[in-house]
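S.K.: coords please:
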Amino acid sequence: MFQEIIRSKRLKRAALFIKEHAHFSRSIGGVFFVLCFIIGILWVVGCDVEPVAYVLGLISSAFLGLPSLAQYILPDRKPVRDMSARELIDFVAGSSKENWKRFENTWAWEAYLDEDPRLRLICRFDEYGKHCDDFSECWATKVSNGPVQSYYYDLMYDRALIERFILVSIDGNRASIPLPKSAEELCITALQYKIGEIVNRETANFHEYLNRTEVQTEST
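M.R.: Numbers count the residues shown, from 1 in each chain. Take a look at the predicted model:
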């Protein structure tokens, strides 16, 4: 039961918020500690303020302890805004598809991280976003009816380019497969796989086309 509470999305979001504002939490705790100290002195000299001192002490302890509690819930987990480019890439590779919100229209596709919408995966369907208008590698064409096209998918944070990926749209746009290492080495990295999982609306359909094209994910 306790572990289920720890894994709660709302609790994790609260923990991230506290970690982002740890200095503020400690400052508030310090203010209540000073107030508690002053009230404690008054209590010692004979004033009937014991309940007030008790309540202020509890509030001070709560604010001072919140950052440690947040660290226990999410150990070694920085807020996204504090991550380096390498940490952002590793974070995306380990993220869940459900953490991404996606939308598209006739000229672009985009997904953003629910926790921090400044982290985005973006693709344009015009000449600037197209990698190849007639992709001809056998692994893609053998499962496709008609022309095969490939597109750039850019991982961005606050308008800064973090990493660029190429995905191949196959079989009439029924699936988008990350570009393998080569036409002969049909393997993709775990990060490429995660990008493909985010881009494709149906995970089962993505897996089906991976099997049909014989593209495999590298073991780590």
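S.K.: What is the strand or helix carrying Phe33 packed up against?
M.R.: Phe33 is part of helix 22-44, with elements assigned from DSSP states H and E. Contact analysis of helix 22-44 by 3 or more CB pairs under 8 Å, 6 or more residues apart in numbering; DSSP states H and E lists helix 50-73 as its packing neighbours. All C-beta atoms are positioned from the backbone trio N, CA, C, and that covers glycine.
S.K.: Not counting its own residues, what contacts the helix or strand that the helix it packs on is followed by?
M.R.: Next along the chain after helix 50-73, taking DSSP H and E as the criterion, comes helix 85-93. For helix 85-93, the surrounding residues in contact (CB atoms under 8 Å, 6 or more residues apart in numbering) are Lys78, Val80, Met83, Leu119, Leu155, Tyr157, Ile162, Glu163, Ala190, Leu191, Lys194, Ile195.
S.K.: do the same with stretch 69-83
M.R.: So stretch 69-83 is contacted by 6, 11-12, 14-16, 18-20, 22, 87-88, 91, 113, 115-116, 118-119, 157 (CB under 8 Å, 6+ apart).
S.K.: can you pull the buried residues of it?
M.R.: Applying a neighbour-count criterion of 16 or more other CB atoms under 10 Å, one finds Ala70, Ile73, Leu74, Val80, Met83 buried in stretch 69-83.
S.K.: Next one: the first one from Asn99, what distance?
M.R.: As judged by CB to CB, to the nearest Å, Ala70 and Asn99 stand 19 Å apart.
S.K.: and the residue located most distally from the centre of the chain, what element?
M.R.: Computed with CA atoms, centre = their mean, the maximum C-alpha offset from the centroid of the chain is found at Gly46, amounting to 55.4 Å. Assigned by DSSP H and E, Gly46 belongs to neither a helix nor a strand.
S.K.: Quick check on it: phi, psi?
M.R.: phi 120, psi 0 (degrees, to the nearest 10).
S.K.: Mind pulling up the pLDDT for it?
M.R.: pLDDT, Gly46: 80.
S.K.: cool, and the one 4 residues further on?
M.R.: At Glu50, the pLDDT value in this model is 83.
S.K.: what residue ranges in the protein are flagged as low confidence?
M.R.: The chain contains residues with pLDDT under 70 at 1-9, 16, 20, 76-77, 220.
S.K.: Domain-wise, how is it divided?
M.R.: The chain breaks down by automatic domain parsing into domains covering 2-77, 82-217.
S.K.: Tell me which of those is the most buried.
M.R.: domain 82-217 (a mean of 16; mean count of other CB atoms under 10 Å).
S.K.: Endpoints of that one, how far apart?
M.R.: 29 Å (CA to CA, to the nearest Å).
S.K.: where's that domain relative to the chain centroid, distance-wise?
M.R.: 16 Å (CA atoms, centre = their mean, to the nearest Å).
S.K.: Quick check: the farthest pair among the buried residues of stretch 69-83?
M.R.: Distance extremes for those: the farthest pair is Ile73 and Met83 at 18.1 Å, using CB to CB.
S.K.: What's the biggest strand in this structure, counting residues?
M.R.: In the chain, assigned by DSSP state E, the strand with the most residues is strand 160-170.
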